[in-house]
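1. Give me a 3D structure for the following:
(one chain, ligands or ions: 2)
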Amino acid sequence: MEEGYILALDQGTTSSRAIIFDHSGQIKSVAQKEFKQIFPKPGWVEHDPNEIWSTQAGVAAEATVKIGINGKNIRAIGITNQRETTIVWNRETGLPVYNAIVWQDRRTAPYCDQLKNEGHTDLIRAKTGLIIDSYFSASKINWILNNVDGAKELADNGKLAFGTVDSWLVWKFTRGRVHVTDVTNASRTMLYNISTQQWDEELLKIFGIPASMLPEVKQSSEVYGETDTTVFASKIPIAGIAGDQQAALFGQMCIDKAMVKNTYGTGCFMLMNIGSDFIESKNNLLTTVAWKINGEIQYAFEGSIFIGGAVVQWLRDGLGIIKTSAEVEKLALSVNDTGGVYFVPAFAGLGAPYWDPDARGTIVGITRGTTAGHIARAAIEAIAYQTVDVLKAMEADAGMKIKELRVDGGATANNLLMQFQADLLNCKVIRPHIVETTALGAAYLAGLAVGYWSNVEEIQKQWQTERDFVPGADNDKVQAAMAGWKRAVAATQSWSSNR
Ligand SMILES: Nc1ncnc2c1ncn2[C@@H]1O[C@H](COP(=O)(O)OP(=O)(O)O)[C@@H](O)[C@H]1O
Ligand SMILES: O=P(O)(O)OC[C@H](O)CO
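-> Ligands and ions are numbered 1, 2, ... in the order given. Now for the predicted structure:
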């Protein structure tokens with residue numbers, strides 16, 4: 001048994017988490033802190049980069065203290081993060097020039113429309129695997145350069161640095177010595193050519209971004225640098241980086257072609273391992289880098305759903321019909337069905353496979369008999385329906401039926417949701433023993449780089465099922481339910497297209 005532990009830092013959209021794993025892949029300690037969501041205007045979402053850093057550094061220290069260990073006991077750090085979220089800082093002062101513009105932020109939607117009208121869609125998809133949308137980093141960097149006083153000039157003089165959250169954290173942990181990202185995070189910027197594995201000059205020109213701002217792109221598992229002594233007294237190698245969804249794919253051990261996972265967090269993100277060749281989706285999915293380890297790259301198809309568990313947060317914070325997210329299951333079970341209500345939670349537009357940035361949330365089919373229970377049930381079902389839309393697109397792209405779906409993320413605690421998902425998909429839904437697969441994936445990537453685990457085969461043996469949800473619904477009922485959902489989505493899109 002290897003001595004010491006691996007520390008995974010999971011910097012998510014709503015909270016910063018630190019989890020310490022031992023050699024058997026078991027969780028030894030967890031610390032978590034939520035941070036402020038900033039909504040300056042409708043459709044805008046920002047975070048304070050300094051708060052991202054302070055919460056992440058704080059939980060890292062807290063997780064170690066909790067189990068009475070210190071930096072010397074940590075063999076390596078793995079970082080995983082909310083992706084696309086864009087931070088630009090001054091290289092000399094180390095200070096951000098603007099808040100982090102979060103992946104959910106829609107302020108650049110008109111600019112993205114302009115790019116589509118100028119005919120860049122095919123070129124961007126062929127190079128990056130992405131669909132033009134304000135979701136990705138490039139249009140957000142462009143916005144900062146054009147809207148923050150003095151930013152353009154500083155950037156042209158080589159004084160500004162761009163990074164996704166992983167880059168920012170590495171920069172902070174190394175006190176400005178290391179400016180890197182990994183290939184999975186680079187693949188979400190819309191500036192990185194995922195076939196040639198280079199920042200793309202043509203794309204940089206389209207978006208008006210100087211190459212000098214960009215971090216060096218590394219593999220997902222290698223030593224990038226050592227921590228400075230600000231947080232831990234000893235220097236610890238930072239040895240794994242991956243975007244959170246790719247880290248979850250790895251943590252779920254979807255290492256073979258055609259293996260699929262879905263993460264039910266704030267949003268839902270389904271990824272399918274498609275092997276070592278870049279394939280363009282023909283069904284409105286993204287192609288993204290799954291990871292690069294030992295010089296070998298793997299790609300994935302991805303369906304990104306912007307609102308998943310966040311719909312439950314809205315029931316809690318917006319409507320106030322539940323006090324905690326966990327209460328939603330009981331409320332939804334207070335009724336036998338939704339009573340004909342459908343809820344399309346397009347709060348931040350619709351992602352895959354619709355890509356409709358103007359769509360907004362819609363609830364249809366309300367009668368005098370509708371109760372909070374029906375709304376709660378419709379909200380839970382909406383998470384599952386959106387997942388079906390993505391999985392169908394994935395099956396069409398892969399030319400095969402998917403037999404099992406590995407699941408993780410906060411909302412997988414909801415058994416009603418999981419069973420409904422299995423029924424709708426008519427495939428087995430598998431919840432693993434460790435649902436913190438994002439952090440686990442980052443820990444595995446870091447541990448592999450420093451020899452804590454010797455190879456993927458050793459890690460693969462650790463993955464265990466906690467519960468299987470087996471489909472059992474009547475097919476006619478499923479078809480009728482899906483037809484209702486499609487009508488509800490059509491109603492949502494009709495509303496937005498008439499704005
Ligand atoms: N029992 C539950 N049923 C449905 N959703 C839940 C439940 N428990 C938590 N959630 C939702 O899961 C999300 C949190 O999951 P998590 O994986 O921590 O998300 P993230 O990493 O995106 O911050 C929240 O949106 C929350 O509302
Ligand atoms: O922070 P999460 O878990 O909601 O994940 C956000 C995604 O990485 C956005 O692409």
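2. mind showing which ranges of the chain have poor pLDDT?
-> 1-2, 498-499 (pLDDT under 70).
3. what sits against the closest residue to ligand 1 within it?
-> Residue of the chain nearest ligand 1, by Cβ to the nearest ligand atom: Gly410 (2.1 Å). Where you see a C-beta, it was placed from the backbone N, CA and C, and this is true even at glycine. Contact partners of Gly410, counting by Cβ atoms under 8 Å, 6 or more residues apart in numbering, are 264-265, 309, 325.
4. same deal with Glu296?
-> So Glu296 contacts Ser276 (Cβ under 8 Å, 6+ apart).
5. Burial check on Thr288, number of neighbours?
-> By other Cβ atoms under 10 Å, 27 other residues sit near Thr288.
6. Distance check, it against Val388.
-> Distance, Thr288 to Val388, using Cβ to Cβ, to the nearest Å: 21 Å.
7. pull the longest strand from this structure.
-> Taking DSSP state E as the criterion, the chain has its longest strand at strand 296-305.
8. Next, the buried residues of it.
-> In terms of neighbour count (16 or more other Cβ atoms under 10 Å), strand 296-305 has its buried residues at 297-305.
9. what subset of the residues you listed is also close to ligand 2?
-> Subset of the buried residues of strand 296-305 in contact with ligand 2: empty, counting by Cβ under 6 Å from any ligand atom.
10. between those residues, which is nearest ligand 2?
-> Among these, Ser304 lies closest to ligand 2 (Cβ to the nearest ligand atom), at 6.0 Å.
11. and the nearest residue to the closest one once chain neighbours are set aside, how many neighbours does it have?
-> Nearest non-adjacent residue to Ser304, counting by Cβ to Cβ, 6 or more residues apart in numbering: Gly351, 4.5 Å away. Applying other Cβ under 10 Å, we find 28 residues neighbouring Gly351.
12. Gly351 touches Ile305, doesn't it?
-> Yes. Between Gly351 and Ile305 there is a contact at 5.3 Å, judged by Cβ atoms under 8 Å.
13. Quote the end-to-end distance of stretch 115-129.
-> 16 Å (Cα to Cα, to the nearest Å).
14. Buried residues, that stretch. List them.
-> Of the residues in stretch 115-129, 115, 120, 124-125, 127-129 count as buried by neighbour count, 16+ other Cβ under 10 Å.
15. Is Met270 in a helix, a strand, or coil?
-> Reduced to three states with DSSP: H, G, I helix; E, B strand; the rest coil, the structure at Met270 is strand.
16. which ones are touching it?
-> 260-263, 302-303, 305, 387, 390-391, 394, 405.
17. got a list of what the closest residue in space to Gln464 that isn't next to it in sequence touches?
-> Distance criterion Cβ to Cβ, 6+ apart; nearest residue to Gln464, sequence neighbours excluded, is His433 at 4.1 Å. By Cβ under 8 Å, 6+ apart, His433 lies in contact with 464-466.
18. Repeat that for Arg17.
-> Arg17 sits in contact with 9-11, 30-32, 59, 439, where contact means Cβ under 8 Å, 6+ apart.
19. Looking at those, which are in strands?
-> 9-11, 30-32.
20. can you name the two of the residues you listed that are farthest apart?
-> The largest separation in those, counting by Cβ to Cβ, is between Gln11 and Val30 at 14.4 Å.
21. ok, those two, which is more surrounded?
-> More neighbours surround Gln11 than the other of Gln11 and Val30, with 26 against 17 (other Cβ under 10 Å).
22. That one and Ala57 touch, don't they?
-> No. Look at Gln11 against Ala57 with Cβ under 8 Å: they stay out of range, at 10.7 Å.
23. tell me, what's touching the two both at once?
-> Common neighbours of Gln11 and Ala57 (Cβ under 8 Å, 6+ apart) do not exist.
24. picking up where we left off before, could you export the buried residues of strand 296-305 as TSV, including distance to ligand 1?
-> As requested, the buried residues of strand 296-305 are exported to TSV (distance: Cβ to the nearest ligand atom, whole Å):
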residue	distance to ligand 1
Ile297	25
Gln298	23
Tyr299	23
Ala300	18
Phe301	20
Glu302	15
Gly303	16
Ser304	12
Ile305	12
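25. Get me the contact residues on the stretch 51-200 of the chain for ligand 2.
-> Proximity of the stretch 51-200 of the chain to ligand 2 (Cβ under 6 Å from any ligand atom) is limited to residues 82-84, 103.
26. Can you verify Arg17 is assigned to a strand?
-> Yes. Assessed with three-state DSSP, Arg17 lies in a strand.
27. Against Glu436, how distant is it?
-> Distance from Arg17 to Glu436, by Cβ to Cβ: 8 Å.
28. Is Ala446 in a helix, a strand, or coil?
-> With three-state DSSP as the basis, Ala446 sits in helix.
29. quick one, what contacts the residue lying closest to Asp156 once chain neighbours are set aside?
-> Sequence neighbours aside, Pro210 is the residue nearest to Asp156 in space, at 6.1 Å (criterion: Cβ to Cβ, 6+ apart). Listed by Cβ under 8 Å, 6+ apart, the contact partners of Pro210 are 155-156, 158, 204.
30. buried subset of those?
-> Here, 16+ other Cβ under 10 Å leaves 155, 204 buried among these.
31. can you tell me which two in the contacts of Pro210 are farthest apart?
-> Gly158 and Leu204 (14.0 Å).
32. what number of residues lie near Pro40?
-> Pro40 has 11 neighbours, counted by other Cβ under 10 Å.
33. Mind listing the residues bridging to Val344?
-> On the basis of DSSP bridges, Val344 takes part in beta bridges with Thr362.
34. what about it, how many neighbours?
-> The burial count for Val344: 27, using other Cβ under 10 Å.
35. Check Ala233 too.
-> Ala233: 9 surrounding residues under other Cβ under 10 Å.
36. what's the span of stretch 170-180, first residue to last?
-> In stretch 170-180, first residue to last residue: 7 Å (Cα to Cα).
37. and the closest residue to Val335 other than its chain neighbours, what does it touch?
-> Among residues not flanking Val335 along the chain, Gly373 sits closest, at 4.0 Å (Cβ to Cβ, 6+ apart). Counting by Cβ under 8 Å, 6+ apart, Gly373 makes contact with 331-332, 334-335.
38. Going through the residues you listed, which ones are buried?
-> 331-332, 335.
39. now Phe343: how far from Ala372?
-> From Phe343 to Ala372 the distance is 12 Å (Cβ to Cβ).
40. ok, those two, which is more surrounded?
-> Phe343 (27 against 16).
41. Let me know the helix or strand that the closest residue to the more buried one other than its chain neighbours is in.
-> Among residues not flanking Phe343 along the chain, Ala378 sits closest, at 3.9 Å (Cβ to Cβ, 6+ apart). In this assignment (DSSP states H and E), Ala378 forms part of helix 372-398.
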